[in-house]
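Chemist: any chance you could fold what I've pasted below:
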Amino acid sequence: MGCFFSRRRKPAQGGQQQQQQQQAAAGGAGQDAAAGEEKAPQYSWDQRAKIDPKDYTFSGLKDETVGRLPGKVAGQQFVIQDCENCSIYIFDHSATITIDDCVNCQIFLGPIKGSVFFRDCKDCKCVVACQQFRTRDCRKLEVFLCCATQPIIESSTGMKFGCFQYYYPELALQFKDAGLSIFNNTWSNIHDFTPVSGENNWGLLPENAVVQDYVPLPSSEELKAVRISTDATRSIIPITRGRRQKSSDESCLAVFFAGDYTTANARKLIDEMTGKGFQLVQTKEVLMKAEDAHRVFQQCASEFIPQLDKGPVVALEFNGDGAVEGCRSIINAVFSGTKVFVSESKASAAQDVDNFYNFADMQMGM
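Modeler: As a prediction, the model looks like this:
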């Protein structure tokens, strides 16, 4: 039997007509097959650019500065593993990130839609924004954290946490692309899955800790193009005290309702209050229903229920002597045309704070 490119044998006399008929039939079948191929449906997933996992992995690096610029990860998963004495920067949003077996690294991770999982890492300093944060078998991690849910550590020791503080121009949009609210940050509400009696596996970083002292700005020319600020006053995430001891027994709750300027109004109030020496304890963005409003706002509920259909509310807790009077004064002067709930007195403020944050924690499954 000849191969495809072998020379055709001369047909036997009398069989030439039969061969021509067979060739014609084969040609027609070939045309039908070609036509069938041309008509094959094209699907959107057939046209997608193929993902090369190497573009979303840092592995086996030592003494290097590496990273990804805004727009280069674009919501994909990322893997960091077996790196030593490296500076690693992911200036984009991602789906999930795993960090395995890294030692003495400085790591910045932009907003992560899902989880970030550190395993078998030690002596690392990090800045992280995520939906879920978890460590296992880690030692001496220092993390400036924004986490929408309760952070979890497991079989980990020497862990230190501070509030996320970072800025570059693309970061706000990356938080939105990752589905994260800048007001939902439980950075200090750590759950130790494997506590040891008489020991504490985690603590808080000093209040005056400076991000840049832990995770320096990138030194490579490519990454220097990102316009970074670690100034706490410019941070995308409001700097909160979290679970640090309050300086006063007086707190105040302020709640903004959904609208075109909700975020801007909340940030303006934060600037005004902290500028007068009051401390921002915690923030929350959450959807409310009418029954929730009755439980939280009590006698004032009917005034605010019509606002709830517009979207989630943003709540701020401030602390300091005179916080209620100071907050009400600023609201009247700066936000006179805006619907805002503000605690009426020092006596009622503590209950306002408890009512709202107990509801919010239940709503978010905390």
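
Chemist: now Phe278, nearest residue through space, not along the chain?
Modeler: The spatial neighbour of Phe278 that comes closest, neighbours along the chain excluded (CB to CB, 6 or more residues apart in numbering), is Gly320 at 4.1 Å. No exception for glycine: its C-beta is placed from N, CA and C like everyone else's.

Chemist: is the closest residue in space to Cys147 that isn't next to it in sequence bridged to anything, and to what?
Modeler: Among residues not flanking Cys147 along the chain, Phe133 sits closest, at 4.5 Å (CB to CB, 6+ apart). Assessed by DSSP bridges, Phe133 has beta-bridge partners Val116.

Chemist: mind starting the numbering at 710 from now?
Modeler: Okay, residue one is now 710; in that scheme the one you just asked about reads as Phe842.

Chemist: what's the neighbour count on Phe842?
Modeler: Phe842: 27 surrounding residues under other CB atoms under 10 Å.

Chemist: and the pLDDT at the residue nearest to Phe987?
Modeler: pLDDT for Gly1029: 97.

Chemist: on that earlier part again, OK, contacts around the residue nearest to Cys856?
Modeler: By CB atoms under 8 Å, 6 or more residues apart in numbering, the residues touching Phe842 are Ser824, Val825, Val852, Leu854, Cys856, Thr858, Pro860, Ile861.

Chemist: helix, strand or coil: sort out Asp1018 for me.
Modeler: helix (DSSP: H, G, I helix; E, B strand; the rest coil).

Chemist: likewise for Lys933?
Modeler: When classified by three-state DSSP, Lys933 comes out as helix.

Chemist: residue contacts, the closest residue to it other than its chain neighbours?
Modeler: Excluding its sequence neighbours, the residue lying closest to Lys933 (CB to CB, 6+ apart) is Pro927, at 6.3 Å. By CB under 8 Å, 6+ apart, the contact list for Pro927 reads Thr774, Gly776, Ser796, Tyr798, Lys933, Val935, Ile937.

Chemist: show me how far stretch 970-989 is from its chain's centre.
Modeler: Here the centre of stretch 970-989 is set off from its chain's centre by 22 Å, with CA atoms, centre = their mean, to the nearest Å.

Chemist: what about the helices in the stretch 760-909 of the chain?
Modeler: 880-886 (DSSP state H, counting those that start in this stretch).

Chemist: so which residues of it form strands?
Modeler: In the stretch 760-909 of the chain, the segments counted as strands under DSSP state E, counting those that start in this stretch are 766-768, 774-777, 787-790, 796-799, 806-809, 815-828, 831-845, 848-856, 861-863, 868-872, 900-901.

Chemist: do the same with the stretch 960-1075 of the chain
Modeler: So, for the stretch 960-1075 of the chain - with DSSP E, counting those that start in this stretch - the strands run 960-965, 988-995, 1022-1028, 1049-1051.

Chemist: residue contacts, the nearest residue to Gly1074 once chain neighbours are set aside?
Modeler: Nearest residue to Gly1074, sequence neighbours excluded (CB to CB, 6+ apart): Thr858, at 7.6 Å. Contacts for Thr858 (CB under 8 Å, 6+ apart) come out as Gln840, Gln841, Phe842, Thr895, Met1073, Gly1074, Met1075.

Chemist: show me which of those are buried.
Modeler: Gln840, Gln841, Phe842, Thr895, Met1073 (16 or more other CB atoms under 10 Å).

Chemist: how close does the residue nearest to Gly1074 sit to Ile808?
Modeler: Remark: distance between Thr858 and Ile808 (CB to CB, to the nearest Å) = 18 Å.

Chemist: please list all residues in contact with the nearest residue to Gly1031 once chain neighbours are set aside.
Modeler: Ranked by CB to CB, 6+ apart and with sequence neighbours excluded, the top spatial neighbour of Gly1031 is Glu959, at 7.1 Å. Glu959 makes contact with Asn1028, Gly1029, Asp1030, Gly1031, Ala1032, Val1033, Lys1055, Ala1058, according to CB under 8 Å, 6+ apart.

Chemist: circling back: closest to Asn917 among the contacts of Pro927?
Modeler: Distance to Asn917, by CB to CB, is smallest for Ile937 among these, at 20.0 Å.

Chemist: that closest one reaches Leu926, doesn't it?
Modeler: Yes. Ile937 is in contact with Leu926 according to CB atoms under 8 Å; the separation is 5.7 Å.

Chemist: more neighbours: the two, which one.
Modeler: Using other CB under 10 Å as the criterion, Ile937 and Leu926 rank with Ile937 on top: 20 against 15.

Chemist: would you check how far apart the residue lying closest to the more buried one once chain neighbours are set aside and Asp829 are?
Modeler: Excluding its sequence neighbours, the residue lying closest to Ile937 (CB to CB, 6+ apart) is Tyr877, at 4.9 Å. Per CB to CB, Tyr877 is found 30 Å from Asp829.

Chemist: then Ala881?
Modeler: 33 Å.

Chemist: comparing these two, which residue is more hemmed in?
Modeler: Ranked by neighbour count (other CB under 10 Å), Ala881 and Asp829 place Asp829 first, with 17 against 14.

Chemist: contact partners for the more buried one?
Modeler: Asp809, Asp810, Arg845, Asp846, Cys847.

Chemist: swap the cut-off to 6 Å and go again
Modeler: Asp810, Asp846 (CB atoms under 6 Å, 6 or more residues apart in numbering).

Chemist: could I get the buried ones among the contacts of Thr858 as CSV with distance to Leu1017?
Modeler: Shown next, in CSV, are the buried ones among the contacts of Thr858 (distance: CB to CB, whole Å):
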residue, distance to Leu1017
Gln840, 24
Gln841, 28
Phe842, 30
Thr895, 23
Met1073, 17
